[in-house]
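Undergrad: what's the 3D shape of this:
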Amino acid sequence: MSTPVAALRAAGKVWRLPPGSMAAEAATMRALPAGGVAGLALLAGRAVPVLAPGGAAGSAWAMVPLAGGDLLVTGEALLAEAPAGAPPLPMPDMPPRQAAPPPAPPRLAAPPKAAAPGAVASGALDLISAGGRLRVGLTALRHVVPLPAWRPVPGAPAEVLGWTIADGAPVLVLDPGGMAGGAAHLALLTLGGRLLGIPCARLAPAPVEGVDLSRLAQLVHWAAAAPPEVPLETAATRSLLLVVAGGQRFALPAQDVEAAIAPLRASALPGGAAVIMHKGDVLPVLDAGVLLGGTPVLDGRASPCLRLRLPRPVALAVSAIEALRAVPGTAIAPLSAPGFAIAVLSLNGEAVPVCSAARLGGAYDQ
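TA: Residues are numbered from 1 along each chain as shown. As a prediction, the model looks like this:
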């Protein structure tokens, strides 16, 4: 049973400890100077920050409960009672962990005016919904399908609703001017060699003179983020790891993952960072749920992690690791767009983003 302690002697000085402090077994500290923390110690399978007022690990150790997580302190001796006038031991800033809000959608840059397609002589259609209407030339309209579900695109402008699968291919669903309200159909458009989808409630014939060139110019501009409509050539089978984080399903190339780590509770560090220890390495932990625009994974409970194969070791906390799947290259459509996704996988009619370990790991530097 742990023994309550009230003070720590370190470097010849006595410090008062916070209430609830308990004597702890000596631990091996790995140096990690950061924000007043001397290092980390492995305790019951998790990394715990260590505070060493004397500058080095001593023979006496105590566990201090803080709002942001447990903290180990070490020095020369522990005292059951604090002497009168003993100053409180300064604690590092470890605020309670809170879910980081998803980043605000970036502003969409104005499209080049030259990108606007001209009016077509064969006529036009109005795509109509409760939120407005969009007039398009008939040559741009491929056909109309029932409105499917879509996957959001993390970090995308507000006008980009997400990815879906239609006609067996990935489709970028756009909402220029609130068209999604009350929509029951998805109009598939081919613009600039790209396949796009616009939600609508109904369609009506319209004169070609009313084709909205400014709206179409925006669509062409957005289409740069859509996969090419032309089917990919047959490619070799690819190994993908299917993962869930914060309610979002995504995939990682198997070669991007160095190891799958059994559920661990990440340790909080000053400044809101989190770390785990794996095979003797201290790994910073990224929350895949937050990165992908879903609910946070790091909520104080143990969660599985993926050690990403990067020059600097990084762990990615996820909700669940589903399976390693071999998929044909023809089921993967590459993307050329900002964000974490480098491709879209068509899996049983579902559009699953394939993320880049390098792009995910790069979030640690931001």
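Undergrad: hey, let's count contacts and neighbours off CA atoms from now on
TA: Noted.
Undergrad: how far away is Ala149 from Ala245?
TA: 19 Å (CA to CA, to the nearest Å).
Undergrad: more neighbours, these two?
TA: Ala245 (24 against 13; other CA atoms under 10 Å).
Undergrad: show me the contacts for the more buried one.
TA: Ala288, Gly289, Leu292, Gly294, Thr295, Pro296, Val297, Ala317, Val318, Ser319, Ala320 (CA atoms under 8 Å, 6 or more residues apart in numbering).
Undergrad: correct me, but Val173 touches Ile165?
TA: No. Between Val173 and Ile165 there is no contact under CA atoms under 8 Å: 9.8 Å.
Undergrad: neighbour count for these two, which is higher?
TA: More neighbours surround Val173 than the other of Val173 and Ile165, with 30 against 23 (other CA under 10 Å).
Undergrad: tell me the bridge partners for the more buried one.
TA: Gly162, Gly197 (DSSP bridges).
Undergrad: which residues are in contact with it?
TA: Trp150, Val160, Leu161, Gly162, Trp163, Thr164, Leu196, Gly197, Ile198, Pro199.
Undergrad: again with Pro263
TA: Contacts for Pro263 (CA under 8 Å, 6+ apart) come out as Ala302, Ser303, Pro304, Cys305.
Undergrad: please redo it, this time with the cut-off set to 6 Å
TA: Ala302, Ser303, Pro304 (CA atoms under 6 Å, 6 or more residues apart in numbering).
Undergrad: with Leu242 instead?
TA: Ala251, Glu322, Ala323.
Undergrad: neighbour-wise, which of the residues you listed leads?
TA: In terms of neighbour count, Ala251 stands highest of the contacts of Leu242 at 25 neighbours, by other CA under 10 Å.
Undergrad: shouldn't it be within a strand?
TA: Yes. The assignment for Ala251 by DSSP: H, G, I helix; E, B strand; the rest coil puts it in a strand.
Undergrad: just to check, it is in contact with Leu241?
TA: Yes. Contact criterion CA atoms under 6 Å: Ala251 and Leu241 qualify, at 5.4 Å.
Undergrad: what stretches of the stretch 51-200 of the chain score poorly on pLDDT?
TA: Within the stretch 51-200 of the chain, the stretches with pLDDT under 70 are 93-122, 154-156, 168, 192-193.
Undergrad: and with 90 instead?
TA: For the stretch 51-200 of the chain, the stretches with pLDDT under 90 are 51-59, 61, 64-74, 85, 90-184, 187-197.
Undergrad: what about the strands in it?
TA: Ranges of strands in the stretch 51-200 of the chain, per DSSP state E, counting those that start in this stretch, are 60-66, 69-75, 77-79, 124-129, 132-137, 141-146, 160-166, 169-174, 185-191, 194-200.
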